[in-house]
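Trainee: build me a model:
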Amino acid sequence: MTSLTNEQIVAELKWTEKAIFDNIGVTPIYWRPPFGDVDARVRNIATQLGLKTSIWTQGFDTNDWNIPQGSATPQSVVDTFKGWLAKVPSMSHGFIVLEHDLFPEEVNVSINGVLPVTYSTKGLVMQPIAQCLNDGKPYREGAGTVKLLPGGGGNGAGSDNKNAPASVQEFHSHDGQGVLVALILTLFFDTVMNL
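Mentor: Reported below is the predicted structural model:
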């Protein structure tokens, strides 16, 4: 995104908004820059368009994007994620994980690998990123609003729906400390899963 002109950035963001709206009927306000390619100028343009930039924590890329070409396996992605989850009880802050949904292999490893591991990890509760950030309106049209629970924003609030589909999620460590673990699948998949 940083190599694009201002006009190209606006066009890219607005075209993507339109494509998502045309397919699912709502416009998400969260976006993830491709390749994490963002700077103050791009972030400012996105903000002016009513978008909130969401980026993953450095070092928390599952590398699922390498599965289609064979330089990563579903098991290596799950093992990487398990390694992060093993550290949750000792963490003092959360992290945001990058995942993708361009190819079926990437979606399958999330649905059949990462999510089952997450759901089976005792003491972790998943919630959408909007809840983690204490944002009750993740869509421009207001559809799909999130009911915020007391104490939201990554400090121990629970979810009303324990079976909610995962996208960007909040987890709680075994000792009750709030730990943000976000699975950024891409804006489109995230939006579809959270309607």
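
Trainee: got any ranges where this structure has weak pLDDT?
Mentor: For the chain, residues meeting the criterion pLDDT under 70 lie at 93, 123-127, 143-195.

Trainee: tell me the first helix or strand C-terminal of the longest helix seen in it.
Mentor: Identified as the longest helix of the chain according to DSSP state H is helix 6-24. Per DSSP states H and E, the first helix or strand lying C-terminal to helix 6-24 is strand 30-31.

Trainee: hmm, back to that, mind listing what's buried in the longest helix of the chain?
Mentor: Buried residues in helix 6-24, counted by 16 or more other Cβ atoms under 10 Å: 9, 12, 13, 16, 17, 20, 21, 24. Where C-beta positions appear, they are placed from N, C-alpha and C, glycine not excepted.

Trainee: please apply the same query to stretch 71-88.
Mentor: So, applying 16+ other Cβ under 10 Å, buried residues of stretch 71-88: 72, 74, 76, 77, 78, 80, 81, 84, 85, 88.

Trainee: in which helix or strand does the third one reside?
Mentor: So the one you mean is residue 76. Using DSSP H and E, residue 76 falls in helix 74-86.

Trainee: send the alpha carbons of that helix over as CSV?
Mentor: What follows is helix 74-86, C-alpha atoms only, in CSV (Å, rounded to 0.1, in the frame of the first residue of the first chain):
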residue,chain,number,x,y,z
PRO,A,74,-0.8,-27.8,7.9
GLN,A,75,1.0,-29.5,10.8
SER,A,76,3.8,-27.0,10.9
VAL,A,77,1.2,-24.2,11.1
VAL,A,78,-0.6,-25.9,14.0
ASP,A,79,2.7,-26.6,15.8
THR,A,80,3.6,-22.9,15.5
PHE,A,81,0.3,-21.9,17.0
LYS,A,82,0.5,-24.5,19.8
GLY,A,83,3.9,-23.0,20.7
TRP,A,84,2.3,-19.6,21.1
LEU,A,85,-0.6,-21.0,23.2
ALA,A,86,1.9,-22.8,25.5
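
Trainee: helices and strands around it, which ones?
Mentor: Packing partners of helix 74-86 (3 or more Cβ pairs under 8 Å, 6 or more residues apart in numbering; DSSP states H and E): strand 95-98, helix 104-109, helix 115-120.

Trainee: tell me which of the buried residues of stretch 71-88 is nearest to residue 116?
Mentor: Closest approach between the buried residues of stretch 71-88 and residue 116, by Cβ to Cβ: residue 78, at 8.8 Å.

Trainee: ok, residue 21 - contacts?
Mentor: residue 27 (Cβ atoms under 8 Å, 6 or more residues apart in numbering).

Trainee: can you check residue 109 too?
Mentor: Taking Cβ under 8 Å, 6+ apart as the test, what residue 109 contacts is 62, 64, 67, 74, 77, 78.
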